[in-house]
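>>> model the following, please.
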Amino acid sequence: MEAIEAHARETYPEECCGFLLGPATVPRKVAALRRATNAVETNRERRYVIDPLAFLAVEKEITGTGQEILGFYHSHPNHPAEPSEFDRSHAWPWYSYVIQSIVDRKPADLRAWLLDGDASVFRPDALTVE
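Got it, this is the predicted structure:
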C-alpha cells in the first residue's frame with residue numbers, strides 16, 4: 001500500500017498505474033508490484049493506459065516464477081477510489097483493480113474492485129498483501 005501511495009504522490013496530479021503480482025490463489029495475495037508508465041496521451045489527470053508492450057514485458061519477467069498478473073492499480077487524483085465509467089469500459093473480468101484516491105498529494109482511500117463476469121459492474125474485491 002505504501003508503494004502505491006508513493007507512486008500516486010510522485011505522479012500527482014496525473015494518474016499513476018502499475019501491476020499487481022502474486023500467485024493465482026484464492027484468496028488473491030499480492031506479493032509484488034511493478035510500476036508502469038501512464039501511456040495515455042490526453043487527460044492524464046483522469047485516464048491511464050498501460051502500454052501493451054509493458055504488459056508483455058511483465059508477463060515475460062514473471063514466467064516460471066509462480067507469479068501471475070493479478071490485476072492493476074491506478075490513482076484517482078482528487079476523486080474517490082471508485083471505478084469510473086472509463087475504468088469499467090476498459091477493464092477485464094478476473095483481474096483485480098486497486099484504486100488509490102489522492103487529494104492534494106495526500107493519499108486518501110484505497111479500494112480494490114473486481115469486474116463481474118458479464119463486465120457490467122464492479123464489485124468490491126478482497127485482496128491480501130503478503
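>>> now the strands: where do they sit in the protein?
Secondary structure of the chain (DSSP state E): strands located at 17-22, 29-30, 32-36, 68-77, 96-103, 106-115, 122-124, 128-129.
>>> not counting its own residues, what contacts the first one?
Contacts to strand 17-22, defined as Cβ atoms under 8 Å, 6 or more residues apart in numbering, come from residues 4, 7, 28-38, 48-50, 58, 62, 67-75, 96, 98, 127, 130. Where you see a C-beta, it was placed from the backbone N, CA and C, and this is true even at glycine.
>>> can you flag the buried ones in the residues you listed?
Neighbour counting by 16 or more other Cβ atoms under 10 Å classes 4, 7, 28, 30-31, 33, 35-36, 38, 48-50, 58, 62, 67-75, 96, 98, 127 among the contacts of strand 17-22 as buried.
>>> adding mean pLDDT and distance to Asp87, write the strands of the chain out as JSON lines.
As requested, these are exported to JSON lines (pLDDT from 0 to 100; distance: least, Cβ to Cβ, whole Å):
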{"stretch": "strand 17-22", "mean pLDDT": "98", "distance to Asp87": "11"}
{"stretch": "strand 29-30", "mean pLDDT": "94", "distance to Asp87": "19"}
{"stretch": "strand 32-36", "mean pLDDT": "97", "distance to Asp87": "15"}
{"stretch": "strand 68-77", "mean pLDDT": "98", "distance to Asp87": "8"}
{"stretch": "strand 96-103", "mean pLDDT": "97", "distance to Asp87": "7"}
{"stretch": "strand 106-115", "mean pLDDT": "95", "distance to Asp87": "8"}
{"stretch": "strand 122-124", "mean pLDDT": "93", "distance to Asp87": "8"}
{"stretch": "strand 128-129", "mean pLDDT": "76", "distance to Asp87": "21"}
